[in-house]
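Enquirer: Just to be clear, the model below is a prediction. Sequence and coordinates:
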Amino acid sequence: MLSCTDPQSLEGLSWLACYLTTGKHMAFYTSFGTVLILIAVTAPVSLAFGFFGAMAARGPVPVRWLGQGYIAIVRGVPDIVFFLFFVIALDQAFEYARHKVLCPDWDQPVRQGNDFIVCAAAKLPLGTAPQWLHEVYGFALAVITFAIVFGAFAANVLYGAMRAVPRAQMETAEAYGMSPRQTFWRILVPQMWVYALPGLSNLWMVLIKATPLLFLLGIEDIVYWARDLGGTKTPQFTEYPHGDWRMWYFLALLVFYLALTRVSEIVLGRLMQRLTLGQATSGGEAQRKVAA
């Protein structure tokens, strides 16, 4: 705005309005969308990881070992350790594969002390790539890492839900001549969701609370901007000097996460009512009593 060209001449609400519409604050507001996009993308990808992990855990012995190993290893490592390690390892794996294909004549070791050095053509993204491409690449690595971590927890939930479906229904389907594949997709999978949803609901809440880990991955998320904008700003470094306002910025994050979890509770509650309708579960029984 034209009135914001000279912040020194502003005071009160005019100063605050100009302060809250600076370029950094616009990036701060945009970062809320980054968190929502991360959740929207990661949730279905994690569910896919979990579904195939649960299927593997129920499969024949060699495949079962892989499925159960994936669940046990990822669930046994603290999230913050896995995030800090896996993102670096995945990035280097991509660059190493590109290095072998694009630079076959490279005669220097890739590992040089503590440094990981590949040819310029193998860098991801390239050094000449625009900034938005670097940000998209970092975000993609974060999505993959989140999906692998929460996929392992989802796999454990879905594996237990598959085992909770009454065996009598599976035997009835087999007695009607259904093949194992038909029994799995037509009987087991549709019914397992009612048993899986409580665990998946908790996992969804944990995923929401884990989004601040983006800050540790170098992504400019809401925690990054809240800390940066809320810290003390002196007149030597900014046109809008202020004291330590981090409490107010993190209070805004608190309200955002509480609102997001509340909306999630409402949606998940309605979904649970729909899934349990007519089912031989405690939720279905409660609905039958209310209807009566």
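Expert: Arrived safely. Numbers count the residues shown, from 1 in each chain.
Enquirer: How many neighbouring residues does the spatially closest residue to residue 211 that is not a sequence neighbour have?
Expert: Distances taken as C-beta to C-beta, 6 or more residues apart in numbering place residue 35 nearest to residue 211, at 4.9 Å, with adjacent residues excluded. C-betas here are computed from N, CA, C, even on glycine. Neighbours of residue 35 under the rule other C-beta atoms under 10 Å: 21.
Enquirer: from what I can see, residue 35 looks like it's in a strand, true?
Expert: No - the assignment for residue 35 by DSSP: H, G, I helix; E, B strand; the rest coil gives helix, which leaves it out of any strand.
Enquirer: That one against residue 210, yeah?
Expert: No - the pair formed by residue 35 and residue 210 falls short of the contact definition of C-beta atoms under 8 Å, at 10.6 Å.
Enquirer: elements contacting the one helix or strand residue 143 maps to?
Expert: Taking DSSP states H and E as the criterion, residue 143 maps to helix 131-164. For helix 131-164, the elements it packs on are helix 23-57, helix 61-76, helix 79-102, helix 189-210, judged by 3 or more C-beta pairs under 8 Å, 6 or more residues apart in numbering; DSSP states H and E.
Enquirer: contacting residues around the residue nearest to residue 211?
Expert: Counting by C-beta atoms under 8 Å, 6 or more residues apart in numbering, residue 35 makes contact with 211, 214, 221-222.
Enquirer: Report the separation between it and residue 143.
Expert: 12 Å (C-beta to C-beta, to the nearest Å).
Enquirer: Residue 8 contacts residue 239, correct?
Expert: Yes - with contact defined as C-beta under 8 Å, residue 8 counts as touching residue 239 (7.4 Å).
Enquirer: Of those two, give the one with the bigger neighbour count.
Expert: residue 239 (15 against 10).
Enquirer: what about the nearest residue in space to that one that is not next to it in sequence, how many neighbours?
Expert: In space, and not counting its chain neighbours, residue 239 is closest to residue 7: 4.4 Å by C-beta to C-beta, 6+ apart. Look at residue 7: counted by other C-beta under 10 Å, it has 17 neighbours.
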